[in-house]
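Colleague: Structure, please.
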Amino acid sequence: AAPIQGALRGYKDVTVTMIMAVIAYWVIGLPVGYLLAQNGYDAYGYWVGFITGIAVSAVLLFLRMRYLQKNKFPAV
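Modeller: As a prediction, the model looks like this:
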């Protein structure tokens with residue numbers, strides 16, 4: 001997710017990128033980790049939640065990158 005986020009910064013697309021990262025980590029990843037930790041997975045639950053947040057972030061940022069490349073910066 002970090003390389004895609006860096007490329008999006010190069011496109012000057014920082015606001016949407018930040019919102020997507022916040023949603024992926026705080027709205028999806030942290031609650032998943034908390035729920036897993038409370039249901040018997042303890043610290044492993046938080047790690048799974050963190051990995052879930054990274055995966056969701058990567059997918060969302062990839063989709064944003066693809067959208068920008070097709071619509072705002074088309075190939076010549």
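
Colleague: Which strands and helices lie in contact with the lengthiest helix in the chain?
Modeller: Counting by DSSP state H, the longest helix found in the chain is helix 42-71. Using 3 or more CB pairs under 8 Å, 6 or more residues apart in numbering; DSSP states H and E as the contact test, the elements touching helix 42-71 are helix 2-10, helix 15-22, helix 30-36. In short, each C-beta sits where N, CA and C put it, glycine included.

Colleague: again, only using 6 Å
Modeller: Counting contacts by 3 or more CB pairs under 6 Å, 6 or more residues apart in numbering; DSSP states H and E, helix 42-71 is packed against helix 2-10, helix 30-36.

Colleague: most packed of these?
Modeller: Mean neighbours per residue, mean count of other CB atoms under 10 Å, is largest over the helices and strands packed on helix 42-71 for helix 30-36, with a mean of 16.

Colleague: What's the mean pLDDT across it?
Modeller: Averaged over helix 30-36, pLDDT sits at 97.

Colleague: where's that helix relative to the chain centroid, distance-wise?
Modeller: 16 Å (CA atoms, centre = their mean, to the nearest Å).
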